[in-house]
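Asks: One predicted model, sequence on top.
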Amino acid sequence: MTRSYDQSCPAARALDVVGGRWSLLIVRELLLGPRRYTDLVAGLPGIGPNVLAERLRALRDAGVLTQTKLPPPAASAVYELTALGAAMRPVLDELTRWGLRLPTAPRPGDSFRLSWVLGCLRASFRPELAGGVRETYEIRVDGDTFHLRVDDGVLDIRNGSAADPVCTITTDLGSFLAIGARLVDVEEAVARGLARFEGELSAAARVIAILGAHPEATGGRHGIVGAVGATFRPDRALGLRETYEFVVGDLVFHARVDDGTVEMDLGPAPDAVTTLVTDLGTLLQLGAGSLPLEDALSARMIEVGGDPEAALRMADAFGVVRADRPATENLSWRT
């Protein structure tokens, strides 16, 4: 049974409709296009089938979404937002912008979906840079595909391939975050083997500028700090309680690990047990798995200070060392 605040206030009435647990996240998923019931289950890990069915029914009754059937050959029943539901887009965008200011720390059991990063892209959209631009861009990240359509200052992001993209970028999550934050350009990413590119290079530069991140407002979490944080593996950090420092060019940041959680922050750490010094391209290649840690060490592409064993634990926790063997079996440490 749906509960009400019983207040004659527009904000309270709105919360009567979308204030329940999972309701706004259902809207978040549908902002990327029509979704089947199974798509929603996959995009909302942790929701029970009875709860999802009840929330869908309540949102449909409130006129936020509708259930339709796709034409053949798909012929699948899908849920999609009505005009009323789609009007929630700026609310979700602003909520995302606000959420980016909060401290973020992956916890054991936390899920991740690329679609959740897409909300950050929409929230960082700069319409003043997109006037007169009418183009579609396709992005493929770790096997997932989505596309962006810019139409004279208006942005639409959807799941799936585009029929007529002016450019296509294929990359991994860490490189995608770094490219989007303009910490590495597409040409350099391609040259280093971090991304593949098809189409007009000038179009890629335009979309990156249009979706330009705001690191000054988010503590760097849009940029390389976020890219490193995205590689954190909570299951490999259980029982660890130590701080690691990263020096990447002129950027200094640190990761404070506490029993399977991590807090990323800018600046040096006085209590760091180890420090990794390298350049941006090398760090991205390590995170992408295209450069083995032992090769980077032997070529003196990185420098490590502090406790060597702690450095191995750091490499394991952030996905640089393969997870199928203990860290100490992956390389012979050199300083």
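Replies: Great, that's in hand.
Asks: hey, C-alpha coordinates of stretch 190-207 in PDB?
Replies: This file holds the C-alpha atoms of stretch 190-207, laid out as PDB (Å, rounded to 0.1, in the frame of the first residue of the first chain):
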ATOM      1  CA  VAL A 190      44.700   5.700 -29.300                       C
ATOM      2  CA  ALA A 191      48.500   6.000 -29.700                       C
ATOM      3  CA  ARG A 192      49.000   4.300 -26.300                       C
ATOM      4  CA  GLY A 193      46.500   1.500 -27.100                       C
ATOM      5  CA  LEU A 194      44.000   2.700 -24.500                       C
ATOM      6  CA  ALA A 195      41.200   3.300 -27.100                       C
ATOM      7  CA  ARG A 196      40.200   2.600 -30.600                       C
ATOM      8  CA  PHE A 197      38.600   5.300 -32.700                       C
ATOM      9  CA  GLU A 198      36.600   5.500 -35.900                       C
ATOM     10  CA  GLY A 199      35.200   8.600 -37.700                       C
ATOM     11  CA  GLU A 200      35.800  12.300 -37.400                       C
ATOM     12  CA  LEU A 201      38.400  13.200 -34.800                       C
ATOM     13  CA  SER A 202      37.100  16.800 -34.700                       C
ATOM     14  CA  ALA A 203      33.700  15.400 -33.600                       C
ATOM     15  CA  ALA A 204      35.300  13.500 -30.800                       C
ATOM     16  CA  ALA A 205      36.900  16.700 -29.600                       C
ATOM     17  CA  ARG A 206      33.600  18.500 -29.700                       C
ATOM     18  CA  VAL A 207      31.700  15.900 -27.700                       C
END
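Asks: all numbers from here: first residue = 39
Replies: OK, 39 is where the count begins now, so the last one is stretch 228-245.
Asks: got the buried residues for it?
Replies: By 16 or more other C-beta atoms under 10 Å, the buried positions in stretch 228-245 come out as 228, 230, 232, 233, 235, 241, 242, 244, 245. In short, each C-beta sits where N, CA and C put it, glycine included.
Asks: so which pair among those residues is furthest apart in space?
Replies: Pairwise distances across those (C-beta to C-beta) peak at 21.9 Å, for the pair 230 and 244.
Asks: Return the member of the buried residues of stretch 228-245 nearest to residue 179.
Replies: Ranked by distance to residue 179 (C-beta to C-beta), those are led by residue 233 at 9.8 Å.
Asks: Name the helix or strand for the most centrally placed residue in the chain, please.
Replies: In the chain, the C-alpha nearest the mean C-alpha coordinate belongs to residue 155, at 3.3 Å (C-alpha atoms, centre = their mean). Residue 155 belongs to helix 152-161 when assigned by DSSP states H and E.
Asks: so for that helix, what's the average pLDDT?
Replies: On average, the pLDDT along helix 152-161 is 73.
Asks: Report the buried residues of that helix.
Replies: Buried residues in helix 152-161 (16+ other C-beta under 10 Å): 152, 153, 155, 156, 157, 158, 159, 160, 161.
Asks: so who does the third one touch?
Replies: Spelled out, that is residue 155. Residue 155 makes contact with 211, 214, 215, according to C-beta atoms under 8 Å, 6 or more residues apart in numbering.
Asks: JSON lines for those residues, including secondary structure?
Replies: As requested, the contacts of residue 155 are arranged in JSON lines below (DSSP: H, G, I helix; E, B strand; the rest coil):
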{"residue": "211", "secondary structure": "helix"}
{"residue": "214", "secondary structure": "helix"}
{"residue": "215", "secondary structure": "helix"}
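Asks: Now residue 225: which helix or strand?
Replies: Taking DSSP H and E as the definition, one finds residue 225 inside helix 224-229.
Asks: Let me know the next secondary structure element after that helix.
Replies: Counting by DSSP H and E, the next helix or strand C-terminal to helix 224-229 is strand 233-237.
Asks: I'd say residue 173 and residue 202 touch.
Replies: No: Residue 173 lies out of contact with residue 202 (C-beta atoms under 8 Å); the separation is 9.3 Å.
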